[in-house]
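Q: sequence unavailable; structure follows:
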DNA sequence: AATTACATTTCCATTTATGGAAAAATCGCA
DNA sequence: TGCGATTTTTCCATAAATGGAAATGTAATT
């Protein structure tokens, strides 16, 4: 196939009816314009332009070819303009994947505020605990708790989360509080993502580690629900510190086994490697970094 | 603007989902494909392809850009295919300009035969004695009698024409035949393109030249008509030898002043300079060269 | 877990394209 | 008719692109 840049040059010459004017318009020397048009004619085996040093006319084939090529070239130019404009402006669709625990008012409010700040951005939100291959699923960014698996993604740390063993005074009123982790097995617990309303809790105390099988009457998939049931005395919970600290201070919750806590989880925003970050992703990451989430503490 | 060839390469990679397959399809080394796609991304400031050495996926912007560019590139490819196909096959429209004297059955029959031979060719015929600028008027080919003026045209000699002074025996029956050119002024003459039924005839006899003002009752614009009136005894005519020789041999016409004749006119096919002759023009010129025209003798 | 196969990226010698200047040609004006 | 202005074409030193080989990295297989 002919050199596409030569075609664009030819079209510009045909439009302006002059090699000189075309060279000005294209920002290239007249000698280059001349050579490229001649090269195109040679490649096609067709005379497109009838020319002397002072006169220029399209041959009938040149006219046909010019008409056939003008529109596609305009479309290509438009495609580039739209692409680069979108890239530079915070606009377009962001596909975001977050775990179910984030699918709550605090995060939804954050998203709402973000969209009010950037009205040209659209959000396509996946709230799932399933592992998503961000590249294959064409997801722009995900939020991940805990260890990261996919090393081809870029990770930006958002914060960290530690969880405490807590219960309401009401729950504890008629009960003997646990004095060691194993005692939890004797208690009703409110679970996050329990299986058959059972779960394994891993607790650390310095170098000491305990794994306890716990059970309870209620299991839910997000900390909002879980914490509400804990607050209302339905059992002991293992809640992020951000859900507890205020209430513990106010006496509305009691921290149990205070020397023990969950393993500290790192929270990251992850996204596929890109040489050029779209503006919309860039501003989203910045907003995310600044957000005081109830689910993690800032670094 | 981005390098259009880079765009075409990107589109092929996106289509085939592989640099290697794209390099085979495009007949270029994989290193070139890689570099061109990277160059395009750099120029646009956008990551179009998400890639590891084993995985390739379009970013959402890459997908959009791919969809925007596929159709225009196909259109450009089609335009080239149509152009080069038309160039190689005898098809398309031929614009032909001929003087009025050719606008007769013999030439029209020639054109008819030509079109039957090449049914895909179309003829746009100008029968005019006006001088046409072939380039400006986008005329493919013209037939010219006499000296050529436009040096930027290519001329192919078709033949030559000389005209004789003749009259029918019927006309001469009761008249004294002319014995020198000046005597023609005393006779009725049948004119070609006369003004007010008068014309100037230039006759040569070796180095001798005579210019005679002649007049007559009939003037017409083509040799078919003129010769018919001469045959029927309406006066003396200055007819192309090709119209006379047979009839002179048969005694149906009498050549007068046999030492004198018109200046010899060269007949050419002329067409604008072209580095690449369309097939349709090429075959037309060959047919014209081979045609035994009543208006000129072959070289 | 290690190795192999295969794909993409990078490097460098060679080839090709470019841009500026000069040559050539044409048209308009005096 | 001749000259000057302007445009296109050609030439050549320089810059950039290319293609092949090697390097790098990833995924599949053993």
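A: Now that the structure is in, tell me what you want to look at. No experiment lies behind these values; they were computed from the predicted model shown.
Q: so how far is residue A:132 from the residue in the stretch 151-299 of chain A positioned nearest to DNA strand D?
A: Closest contact between the stretch 151-299 of chain A and DNA strand D, by CB to the nearest atom of the strand, is at residue A:152 (5.8 Å). In this view, the C-beta of every residue, glycine as well, is placed from N, C-alpha and C. Residue A:152 sits 14 Å away from residue A:132, going by CB to CB, to the nearest Å.
Q: report the contact partners of residue A:45.
A: B:84, B:87-88, B:276 (CB atoms under 8 Å, 6 or more residues apart in numbering or on different chains).
Q: ok, residues contacting stretch A:68-75?
A: A:7-8, A:10-11, A:15, B:68-69, B:71-73, B:75-76, B:78-79, B:82-83.
Q: farthest-separated two in those residues?
A: Based on CB to CB, the longest span within the contacts of stretch A:68-75 runs between B:68 and B:83 and measures 24.3 Å.
Q: the two: who's more crowded?
A: Counted by other CB atoms under 10 Å in any protein chain shown, residue B:68 and residue B:83 do not tie: residue B:83 has more neighbours, with 21 against 18.
Q: which residues in the stretch 151-299 of chain A form helices?
A: With helices called from DSSP state H, counting those that start in this stretch, the stretch 151-299 of chain A shows them at A:169-172, A:223-231, A:241-249, A:279-290.
Q: closest to chain B out of those helices?
A: With CB to the nearest CB as the criterion, chain B lies closest to helix A:279-290 of the helices of the stretch 151-299 of chain A, at 10.2 Å.
Q: how does chain A divide up, domain by domain?
A: Annotated domains of chain A cover A:4-88, A:92-158+A:268-290, A:163-256 [automatic domain parsing].
Q: first vs last residue of the last one, how far apart are they?
A: According to CA to CA, to the nearest Å, domain A:163-256 extends 12 Å from its N-terminal end residue to its C-terminal end residue.
Q: same list, the domains of chain A, but as JSON lines with mean pLDDT please.
A: Shown next, in JSON lines, are those (pLDDT from 0 to 100):
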{"stretch": "domain A:4-88", "mean pLDDT": "91"}
{"stretch": "domain A:92-158+A:268-290", "mean pLDDT": "85"}
{"stretch": "domain A:163-256", "mean pLDDT": "90"}
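Q: and residue B:162, which of those domains is closest to it?
A: domain A:4-88 (34.4 Å).
Q: what about that closest one, how long is it end to end?
A: Start and end residues of domain A:4-88 are separated by 27 Å (CA to CA).
Q: next one: it to chain centre, how far?
A: From the chain centre to the centre of domain A:4-88 is a distance of 42 Å (CA atoms, centre = their mean, to the nearest Å).
Q: near DNA strand D at all, that domain?
A: Yes: for domain A:4-88, a contact with DNA strand D is found by CB under 7 Å from any atom of the strand, at A:18-20, A:30-31, A:34-35, A:37-38, A:51-54, A:56.
Q: just the buried ones from the residues you listed?
A: The neighbour count (16 or more other CB atoms under 10 Å in any protein chain shown) marks A:18-19, A:34, A:37, A:51, A:56 as buried among the residues of domain A:4-88 next to DNA strand D.
Q: residues near whichever residue of the stretch 151-299 of chain A sits closest to chain B, how many?
A: Going by CB to the nearest CB, chain B is nearest to residue A:274 of the stretch 151-299 of chain A, at 4.3 Å. Other residues lying near residue A:274 total 16 when counted by other CB under 10 Å.
Q: how near is it to residue A:181?
A: Shown here: residue A:274 relative to residue A:181, a distance of 44 Å by CB to CB.
Q: try residue A:2
A: Taken as CB to CB, the span from residue A:2 to residue A:181 is 76 Å.
Q: returning to that earlier point: select from the residues of domain A:4-88 next to DNA strand D every entry located in strands.
A: A:51, A:56 (DSSP state E).
Q: same list (the residues of domain A:4-88 next to DNA strand D) but as CSV, adding distance to residue A:44.
A: Converted to CSV, the residues of domain A:4-88 next to DNA strand D look like this (distance: CB to CB, whole Å):
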residue, distance to residue A:44
A:18, 21
A:19, 18
A:20, 23
A:30, 21
A:31, 21
A:34, 16
A:35, 15
A:37, 11
A:38, 11
A:51, 16
A:52, 21
A:53, 23
A:54, 25
A:56, 18
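Q: mind picking the two most distant members of the residues of domain A:4-88 next to DNA strand D?
A: Distance extremes for the residues of domain A:4-88 next to DNA strand D: the farthest pair is A:35 and A:54 at 19.7 Å, using CB to CB.
Q: residue contacts, residue A:180?
A: Residues near residue A:180 by CB under 8 Å, 6+ apart: residue A:257.
Q: quick check on it: phi, psi?
A: Backbone torsions for residue A:180, taken as degrees, to the nearest 10, come to phi -140, psi 160.
Q: near DNA strand C, which residues of the stretch 1-150 of chain A?
A: Residues of the stretch 1-150 of chain A lying near DNA strand C (CB under 7 Å from any atom of the strand): A:5, A:28-32, A:35-36, A:52-55.
Q: one more time with 10 Å, if that's ok
A: The stretch 1-150 of chain A has residues A:3, A:5-6, A:9, A:23, A:26-36, A:39, A:43, A:51-56 near DNA strand C, with proximity defined as CB under 10 Å from any atom of the strand.
Q: inside helices: which ones of these?
A: Here DSSP state H is the test, and those give A:5-6, A:9, A:23, A:26, A:30-36, A:39, A:43 as lying in helices.
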